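Student: with the input below, show me the fold.
(one chain, ligands or ions: 1)
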Amino acid sequence: MRKIIIAGNWKMNKDLKESIDLASSVKRSLYDMEEVEAVLCPTFTSLGDVSDIITGTTIRLGAQDVYWERGGAFTGEISSYMLKSVGCAYCIVGHSERRQFFGETNETVNKKAKALLKEGIMPIVCVGEKLDERKAKKEFDVVKDHIVNSLKGFTREDMLRTVIAYEPVWAIGTGINATKEQAQEMHKYIRGLINGIYGEDVANAVRIQYGGSVKPENIKELISQEDVDGALVGGASLKADLFVAIVKGCL
Ligand code: 13P
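Tutor: The predicted structure is shown next:
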């Protein structure tokens with residue numbers, strides 16, 4: 001049985017006070033939520049304070065990126081053991097915005113995910129095609145490339161500690177979500193790829209989130225799909241009532 005996981009990717013939003021306010025509001029409604037795993041992914045500057053707020057609750061902390069070296073002369077970067085020290089249980093890697101604006105590749109995603117796993121942090125590995133790729137009917141090829149190469153060299157144990165987020169780029173921030181059929185079709189395909197590499201037991205245990213314009217209005221139909229195990233939420237995670245409604249919509 002896969003536990004549903006709803007993660008709020010705050011992206012580059014909220015200063016420290018705003019982060020504290022948002023995390024505190026979410027906590028008031030979700031502090032003892034057992035059935036659904038709720039994860040907050042604030043900016044680096046707010047991780048420590050948000051961590052303090054949610055400690056002792058069932059809400060988990062996630063970061064939005066990491067660098068793969070442990071330490072050293074890498075000005076501006078943050079490593080997995082530093083994320084661990086502020087209480088991160090999860091970290092997003094390979095988000096399409098990082099692939100698009102910051103030169104993230106499957107190879108760097110792979111290094112980052114492995115560095116996280118070494119520290120006991122669970123990577124949320126993002127995959128997904130762009131609009132022109134879907135129009136050219138290349139969405140399965142693109143996602144296969146992301147999955148196979150981002151997860152290269154993962155052991156069975158690594159795979160069991162990894163969450164996949166399918167985020168079609170055309171659905172991110174557009175208000176146009178993938179239909180439940182489109183999401184299910186791709187999630188099933190991803191699970192099949194994992195099955196091919198790691199076998200059925202692992203494939204059945206790995207959680208696959210959907211991301212892209214998830215809202216309280218569409219979460220129920222998305223989560224009703226057999227292979228949709230949660231959501232990675234952007235815009236709607238910035239308002240406590242919407243995020244809480246999405247989490248509760250999974251019950
Ligand atoms: P939106 O929910 O704003 O479409 O963003 C999705 C996303 O990119 C989450 O990582």
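Student: would you mind naming what in the stretch 1-150 of the chain lies close to the ligand?
Tutor: 9, 95 (C-beta under 6 Å from any ligand atom). The C-beta positions use only the backbone N, C-alpha and C, and glycine is treated the same way.
Student: for the stretch 1-150 of the chain, what spans make up the helices?
Tutor: Ranges of helices in the stretch 1-150 of the chain, per DSSP state H, counting those that start in this stretch, are 16-30, 44-54, 80-85, 96-101, 106-118, 131-135, 139-150.
Student: could you dump the ones you listed to CSV with mean neighbour count, distance to residue 202 and mean pLDDT?
Tutor: Listed next are those as CSV, based on neighbours: other C-beta atoms under 10 Å; distance: least, C-beta to C-beta, whole Å; pLDDT from 0 to 100:
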stretch, mean neighbour count, distance to residue 202, mean pLDDT
helix 16-30, 17, 29, 98
helix 44-54, 18, 29, 98
helix 80-85, 19, 23, 98
helix 96-101, 17, 25, 98
helix 106-118, 21, 15, 98
helix 131-135, 14, 27, 98
helix 139-150, 18, 13, 98
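Student: residues of the stretch 151-251 of the chain that sit close to the ligand?
Tutor: Counting by C-beta under 6 Å from any ligand atom, the stretch 151-251 of the chain sits next to the ligand at 167, 172, 173, 211, 212, 213, 214, 232, 233, 234, 235, 236.
Student: what is the burial count for the residue in the chain that the ligand sits nearest to?
Tutor: The nearest approach of the chain to the ligand comes at residue 234, 2.2 Å away (C-beta to the nearest ligand atom). For residue 234, the neighbour count with other C-beta atoms under 10 Å is 21.
Student: how about the contacts made by the spatially most central residue of the chain?
Tutor: Taking C-alpha atoms, centre = their mean, the centroid of the chain lies closest to residue 124, which sits 4.2 Å from it. Residues near residue 124 by C-beta atoms under 8 Å, 6 or more residues apart in numbering: 7, 62, 90, 91, 92, 93, 162, 163, 164, 165, 209, 232.
Student: closest one of those to residue 78?
Tutor: Ranked by distance to residue 78 (C-beta to C-beta), the contacts of residue 124 are led by residue 91 at 9.8 Å.
Student: per-residue confidence for that closest one?
Tutor: Reported pLDDT at residue 91 in the predicted model: 99.
Student: same check on residue 1?
Tutor: Looking at residue 1, its pLDDT stands at 83.
Student: burial of it, as a residue count?
Tutor: For residue 1, the neighbour count with other C-beta under 10 Å is 4.
Student: for residue 240, same thing?
Tutor: Neighbourhood size, residue 240 [other C-beta under 10 Å]: 19.
Student: correct me, but it touches residue 20?
Tutor: No - using C-beta atoms under 8 Å, residue 240 is not in contact with residue 20; the gap is 12.0 Å.
Student: dump the residues of the stretch 151-251 of the chain next to the ligand to JSON lines, plus pLDDT and secondary structure.
Tutor: What follows is those, written out as JSON lines (pLDDT from 0 to 100; DSSP: H, G, I helix; E, B strand; the rest coil):
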{"residue": "167", "pLDDT": "98", "secondary structure": "coil"}
{"residue": "172", "pLDDT": "97", "secondary structure": "coil"}
{"residue": "173", "pLDDT": "96", "secondary structure": "coil"}
{"residue": "211", "pLDDT": "98", "secondary structure": "strand"}
{"residue": "212", "pLDDT": "98", "secondary structure": "coil"}
{"residue": "213", "pLDDT": "97", "secondary structure": "coil"}
{"residue": "214", "pLDDT": "98", "secondary structure": "coil"}
{"residue": "232", "pLDDT": "98", "secondary structure": "strand"}
{"residue": "233", "pLDDT": "98", "secondary structure": "strand"}
{"residue": "234", "pLDDT": "98", "secondary structure": "coil"}
{"residue": "235", "pLDDT": "98", "secondary structure": "helix"}
{"residue": "236", "pLDDT": "98", "secondary structure": "helix"}
